[in-house]
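Trainee: Would you be able to build a 3D model of this:
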Amino acid sequence: MAWGTSSNVITTNLDSGTDSPAAARADIKSALDELKAVIDGRNTANGVAGLDASSKINATQIPDEINSTTATDLTIDPSTGKVKLEEILNLAPQTVTQLNARSDIQQGDIAFCSNGDGGTECLAVAVIEDDSAGAPTWKVVQIGSAIST
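Mentor: Predicted coordinates:
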């Protein structure tokens, strides 16, 4: 079922005390059909994600990917000031050339670089050095030994 559309709600026969109730019937029925579409559109494709009893969106309603539609960064801004990821964070590998070509580098950015530590993989963090005139540059965070118990 499609989500309700306000242009389908016609008030022509409802906006005056002299309007005919018989003529208004079709407009009222159309408006109630749109209201029903909104109600029935909860947790459906092209509808709206509902909240559970804890005021949270159920996992089945959360998209697998979120893409911004403008040239603005996608921001997550929790009131606690902390974003908690469960399990694993995966950073798409980028080369030194790709990272250095970016014009949006900000202090504190973190990236996975496929060839940034003398040709080997490393993590990189953008920092501002005293002699860099305020522009952040990528610095190597070396990957150490394999994990073990």
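
Trainee: Would you confirm that Leu91 contacts Asp109?
Mentor: No: at 10.7 Å, Leu91 does not count as touching Asp109 under the criterion of Cβ atoms under 8 Å. The C-beta positions use only the backbone N, C-alpha and C, and glycine is treated the same way.

Trainee: Look at these two and report which has more neighbours.
Mentor: For Leu91 and Asp109, the more surrounded residue by other Cβ atoms under 10 Å is Asp109, and the numbers stand at 15 against 11.

Trainee: May I ask which helix or strand of the chain has the lowest mean pLDDT?
Mentor: Within the chain, no helix or strand scores below helix 21-40, which has a mean of 90 by mean pLDDT, DSSP states H and E.

Trainee: following that one, which helix or strand comes up?
Mentor: helix 96-101 (DSSP states H and E).

Trainee: buried ones in that next one?
Mentor: By 16 or more other Cβ atoms under 10 Å, the buried positions in helix 96-101 come out as Val96, Leu99.

Trainee: please renumber so the chain begins at 39
Mentor: Understood, numbering begins at 39; the last thing we discussed is helix 134-139.

Trainee: What helices and strands are in contact with it?
Mentor: strand 148-155, strand 175-179 (3 or more Cβ pairs under 8 Å, 6 or more residues apart in numbering; DSSP states H and E).
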